[in-house]
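# here is my input; please provide its structure:
(chains A and B)
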Amino acid sequence: MKQDNSDVITIRDLYKSFGDNKVLNGVNFDLHQGENAVVLGKSGSGKSVLIKCIIGLLKPDSGSITVLGNNVTELDTASLDKMRVKVGFLFQSNALYDSMTVRDNLEFPLRRHWIKTEKSKMTDLVMEALTNVGLPHTIDMMPVELSGGMRKRIALARTLILKPDIILYDEPTTGLDSITGKEISHLIVDIQKKYNTSSIIISHDINCVRIVANRVVMLIDGKCHASGTYEELENSTDNKVKQFFEQ
Amino acid sequence: MIKNIFIEVGLIARFTGRFFRELFKPRFEFGEFLRQCYFIGNKSLPLVAITAFIMGLVITIQSRPTLVEFGAEAWLPKMISVSLVREIAPVITALICAGKIGSGIGAELGSMKVTEQIDAMDVSGTNPYKFLVVTRVMATIFMIPILAILADGVSLYGGYLGANMHETVSWSLFWNQVFNTLHYADIIPSILKTFFFGFVIGIIGCYKGFNSANGTEGVGQSANSAVVVSSLLVFVIDLLAVQITDVLHLN
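Predicted structure coming up:
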């Protein structure tokens, strides 16, 4: 497989095992500029492992991951931090810092990435990110005071604050009711349109997949088994693919 | 079982080695260090003070009858000052801190681990080991000696009140006897060992929290084993300290 110039992420022959458990078994995948690619697969199929390898939280056993021209597996800590400014990550559990207010949660990435910003400018950036997710009034609240959907939005605002080129979403609608899940899915599409971001979305939620996906990739047996638009895969005759759409 | 103990010791040693490697590397998280000092010192102070006061009072009341039997009642301030300052106040402070601070660190970091907050820090360009572990361990190293010195003072005050329960001992007589009895050889080793107590409480709490697994159940286990292991190590360090001071003829 050749790397296209419009690809922001290129993964080749990626292998990752935990003990005897082979999770990723030769994954090949490309994320094109400006697209939302959903990775669909059973629980334990390695979807989260895949995006954690992309962001450098897990080290693959072999294979290459190129993100915006950087080979992630060969980057040192400083270069990895530099690359992470351009790649946002929305955690499944939101991962908001319990001991900090919403403002501090959002300012944290700005401060840590050594972005020298005046206090007033920083507040503007925080407010802009919160307005994007529709929660400007929560700025001085603690995460514990927020509902599940609000926390997800705040986590998304924190991801957006560095204005990343790529966003990796780890099951963004898990644990939310269908209405809130739908709102989050539409928010993902709005962000893509507004900031022209490229995203990988890990999801089980077919409703979310239908709303956000420009392309769906099926991860089965540690490999990308099928790829196509939602409609293409929904009408697939492959039994392994069909079972996901028969829910 | 024995193999597991050796594996655990090896992992703790590796974790400790990383602490010393990260300690001298920039960036220094001074703000977080001060925040942790405030939490550790401020939140443990009332508990340490009350326990030290009660220990001083109880030791004095219980020691008195034996000394009276030998007609050595006048030695009460001397005896309690040595036992409180050399042994009881530092060890009680360390055990309380192992219970309160060690479990708190274990649970906090364990919960951060299972809710992916530590990964989120990594993604935000922060070295979570430096931000969470180095600051907490340094805070326990600095704050536990201070708490132990305060516990020395409060427990001696408890001893003074205890000595006055059955007879009148003047304020100046009591404190003169205390300070005439205590030498640098009593005070310095007892303070020095509290730095090591602080180190083991911090490092074990962080190790257990940082390596927490199995969800919320794992968080509870981390907090629990942080207390057990750090309390045990406090006694081991105390035993070593006694042996060292004995070899140096400081006992």
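
# need the residues of the stretch 51-200 of chain B near chain A, please.
For the stretch 51-200 of chain B, the contact set with chain A under Cβ under 8 Å from any Cβ of the partner chain comprises B:111-112, B:115-117, B:119-127. To be clear about C-beta, it is placed using only N, CA and C from the backbone, and glycine gets the same treatment.

# now secondary structure, neighbour count and pLDDT too, for the residues you listed, in TSV please.
Below are those laid out as TSV (DSSP: H, G, I helix; E, B strand; the rest coil; neighbours: other Cβ atoms under 10 Å in any protein chain shown; pLDDT from 0 to 100):
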residue	secondary structure	neighbour count	pLDDT
B:S111	helix	19	93
B:M112	helix	24	92
B:T115	coil	21	90
B:E116	coil	22	90
B:Q117	helix	23	93
B:D119	helix	20	91
B:A120	helix	27	92
B:M121	helix	22	91
B:D122	helix	22	89
B:V123	helix	25	88
B:S124	coil	25	85
B:G125	coil	22	80
B:T126	coil	21	85
B:N127	coil	18	87
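
# doesn't A:H204 lie inside a helix?
No. Checked against DSSP: H, G, I helix; E, B strand; the rest coil, A:H204 lies outside a helix; its state is coil.

# ok and the residue in the stretch 1-150 of chain B nearest chain A?
Here the residue of the stretch 1-150 of chain B nearest chain A is B:A120; by Cβ to the nearest Cβ that distance is 3.7 Å.

# which is the next helix or strand following the helix or strand containing B:V68?
In this structure, B:V68 sits in helix B:30-69 according to DSSP states H and E. Next in sequence after helix B:30-69, counting helices and strands by DSSP H and E, comes helix B:76-83.

# that following helix - what's its average pLDDT?
In this model, helix B:76-83 has a mean pLDDT of 92.

# cool, stretch B:138-146 as well?
Stretch B:138-146 comes out at a mean pLDDT of 96.

# contact partners of it?
By Cβ atoms under 8 Å, 6 or more residues apart in numbering or on different chains, the list of residues contacting stretch B:138-146 from outside reads B:23, B:33, B:36-37, B:39-41, B:44, B:93-94, B:97, B:101, B:191, B:194-195, B:197-199, B:201-202, B:205.

# again, only this time at 6 Å
B:33, B:36-37, B:40-41, B:97, B:191, B:194-195, B:197-199, B:201-202 (Cβ atoms under 6 Å, 6 or more residues apart in numbering or on different chains).

# contact residues of chain A facing chain B?
Residues of chain A lying near chain B by Cβ under 6 Å from any Cβ of the partner chain: A:55, A:57, A:81, A:84, A:89, A:91, A:93, A:95, A:97, A:108-109, A:112-113.

# please enumerate the helices of chain A.
Using DSSP state H, the helices of chain A run over A:47-55, A:77-84, A:102-112, A:119-132, A:148-160, A:178-195, A:206-212, A:230-234, A:239-245.

# quick check: closest non-adjacent residue to A:T77.
Of all residues not flanking A:T77 in the chain, B:N127 sits nearest, at 7.7 Å (Cβ to Cβ, 6 or more residues apart in numbering or on different chains).

# then B:E73?
Using Cβ to Cβ, 6+ apart, the closest residue to B:E73 is B:L67 (5.1 Å).

# that neighbour: how many residues sit nearby?
Counted with other Cβ atoms under 10 Å in any protein chain shown, the neighbours of B:L67 add up to 16.
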